[in-house]
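K.L.:
No letters, just coordinates:
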């Protein structure tokens, strides 16, 4: 077919279906009008080495083709045929939701029919972990929906020297537009059983969070081993406030190394949990926070440090009335505790006030002078006993400290 005819046909595609098509225009085989074709239809894309298309029915076939269907459906095949609106047939292909040349998991199929907002129905299915096939299933139905839908997720296979082979099963449950939960069970060869959930929520535009929990029945431990975390964020609160919560806890020091695949968590040495409410109004800002920092030690002799609470007020640099003076202020009140079983058990409070006065002088356009005066005052309710510095016991009484500071800055031309 002449190149000009190919261009005209794609002009028709653009005009009639809002499709964008690209063709090389050098194929002279009348049975293969276009080659090296890409068809875009909104967020969906099909491409192949060659294409035969019926302009009246908007159906056709691409050979050696691949396709992406929003939001996360990828499939390839020796042929991909569009047989109707959002309905496709694939032969000798692969289905996956992973965006990679070698996906983490995929279905190899001899034949499949895919209905967008419906299901992918495939026969002679080979499940693959990357390139390795590990399970054959004669028939599979897989959701191909843009919206969330309840159902079982892909099984997860693993292996470790301590627990042998493992099989992970998960079920995803929608709970309306703003909530969903994933339940999962892990079965191990060496008599370990684990279960958990991941609960997500976003009830309003400015409020969201998730709760995760994981419990393990360990045959080598008398107690159930666990970890859990809760993260929450609320924005657009009354009075312009913003709040957040982050809580992490676990049953024992070795839990992450025994049951977690995330390298960042496997090597973790400190757990940090906190919650705060903060707001700012013009030059003023206020932050109220509680937190806990746990430093992990072998044998379970962890050091736990808390702030219950921290209240901090700040004033950005503000001119004092008609005076040529500017005030900046940082202040705070804290209550601390630090415990380590049999070693440390301390509680104390601290208050600090840190004002800064600035006097700017601009006598000439090419020279400016700034004079500053600061004074940091800090009060401690208790201090370390000089006779017990090895254990850091607090019996030395209260302590007040004042540190003044003065300075000048000259900026020339």
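P.N.:
Cool, got the structure. Worth saying up front: this structure is predicted, and the values here are computed from it rather than measured. Numbers count the residues shown, from 1 in each chain.
K.L.:
Can you show me the strands along the stretch 1-150 of the chain?
P.N.:
20-22, 34-41, 44-54, 59-69, 73-84, 87-96, 105-115, 118-129, 132-144 (DSSP state E, counting those that start in this stretch).
K.L.:
Could you dump these into JSON lines and include mean neighbour count and distance to residue 203?
P.N.:
All C-beta atoms are positioned from the backbone trio N, CA, C, and that covers glycine. JSON lines is the format used below for the strands of the stretch 1-150 of the chain (neighbours: other CB atoms under 10 Å; distance: least, CB to CB, whole Å):
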{"stretch": "strand 20-22", "mean neighbour count": "16", "distance to residue 203": "39"}
{"stretch": "strand 34-41", "mean neighbour count": "19", "distance to residue 203": "35"}
{"stretch": "strand 44-54", "mean neighbour count": "18", "distance to residue 203": "32"}
{"stretch": "strand 59-69", "mean neighbour count": "19", "distance to residue 203": "30"}
{"stretch": "strand 73-84", "mean neighbour count": "19", "distance to residue 203": "29"}
{"stretch": "strand 87-96", "mean neighbour count": "20", "distance to residue 203": "33"}
{"stretch": "strand 105-115", "mean neighbour count": "19", "distance to residue 203": "32"}
{"stretch": "strand 118-129", "mean neighbour count": "18", "distance to residue 203": "29"}
{"stretch": "strand 132-144", "mean neighbour count": "13", "distance to residue 203": "25"}
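K.L.:
Residue 256: neighbouring residues, count only.
P.N.:
Around residue 256 there are 19 other residues, counting by other CB atoms under 10 Å.
K.L.:
so which strand or helix has it?
P.N.:
Following DSSP states H and E, one finds residue 256 within helix 255-259.
K.L.:
Show me what that helix is in contact with.
P.N.:
162, 194, 214, 216, 225, 226, 227, 250, 265, 266, 268 (CB atoms under 8 Å, 6 or more residues apart in numbering).
K.L.:
For the second one, list each beta-bridge partner.
P.N.:
Read that as residue 194. residue 186, residue 216 (DSSP bridges).
K.L.:
Make residue 1 into 12 and carry on from there
P.N.:
Okay, residue one is now 12; in that scheme the one you just asked about reads as residue 205.
K.L.:
these two touch, right, it and residue 180?
P.N.:
No - taking CB atoms under 8 Å as the definition, residue 205 is not a contact partner of residue 180, at 10.8 Å.
K.L.:
When the two are compared, which one has more neighbours?
P.N.:
residue 205 (21 against 15).
K.L.:
packing partners for the top strand by length along the chain?
P.N.:
Identified as the longest strand of the chain according to DSSP state E is strand 355-375. For strand 355-375, the packing partners by 3 or more CB pairs under 8 Å, 6 or more residues apart in numbering; DSSP states H and E come out as strand 314-330, strand 337-351, strand 378-391.
K.L.:
Buried ones in stretch 243-259, by neighbour count?
P.N.:
The neighbour-count check on stretch 243-259 (16 or more other CB atoms under 10 Å) flags 243, 245, 253, 254, 255, 257, 258, 259 as buried.
K.L.:
so how far is residue 241 from the third one?
P.N.:
Applying CB to CB, to the nearest Å, the value for residue 253 to residue 241 is 17 Å.
K.L.:
ok, now the fourth one?
P.N.:
Using CB to CB, residue 254 is found at 13 Å from residue 241.
K.L.:
Please apply the same query to residue 164.
P.N.:
Using CB to CB, residue 164 is found at 22 Å from residue 241.
K.L.:
The two: who's more crowded?
P.N.:
In this view residue 164 and residue 241 are compared by other CB under 10 Å, and residue 241 has more residues nearby, 17 against 13.
K.L.:
Report pLDDT for the more buried one.
P.N.:
We have a pLDDT of 97 for residue 241.
K.L.:
Regarding it, what is its secondary structure?
P.N.:
Assigned state for residue 241: strand (three-state reduction, DSSP: H, G, I helix; E, B strand; the rest coil).
K.L.:
same deal with residue 250?
P.N.:
Residue 250 ends up helix, using three-state DSSP.
K.L.:
Ignoring the adjacent residues along the chain, who's closest to it?
P.N.:
Take residue 250 and drop its neighbours on the chain: the residue closest to it by CB to CB, 6 or more residues apart in numbering is residue 290, 6.1 Å away.
K.L.:
could you redo the strands of the stretch 12-161 of the chain as TSV and give each row mean pLDDT?
P.N.:
Output for the strands of the stretch 12-161 of the chain, formatted as TSV (pLDDT from 0 to 100):
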stretch	mean pLDDT
strand 31-33	43
strand 45-52	76
strand 55-65	85
strand 70-80	87
strand 84-95	88
strand 98-107	89
strand 116-126	88
strand 129-140	86
strand 143-155	83
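K.L.:
hmm, who's touching the one helix or strand the residue nearest to residue 250 maps to?
P.N.:
Element membership for residue 290 (DSSP H and E) is strand 281-292. Defining contact as CB under 8 Å, 6+ apart, one finds that strand 281-292 is touched by 248, 250-261, 296-307.
K.L.:
picking up where we left off before, and the longest strand of the chain, which strands flank it?
P.N.:
For strand 355-375, pairing defined by DSSP bridges yields strand 337-351 (antiparallel), strand 378-391 (antiparallel).
K.L.:
Switch those over to TSV; also include mean pLDDT and distance to residue 184.
P.N.:
What follows is the strands paired with strand 355-375, written out as TSV (pLDDT from 0 to 100; distance: least, CB to CB, whole Å):
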stretch	mean pLDDT	distance to residue 184
strand 337-351	93	40
strand 378-391	93	52
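K.L.:
Relative to the whole chain's centre, how far out is stretch 319-334?
P.N.:
34 Å (CA atoms, centre = their mean, to the nearest Å).
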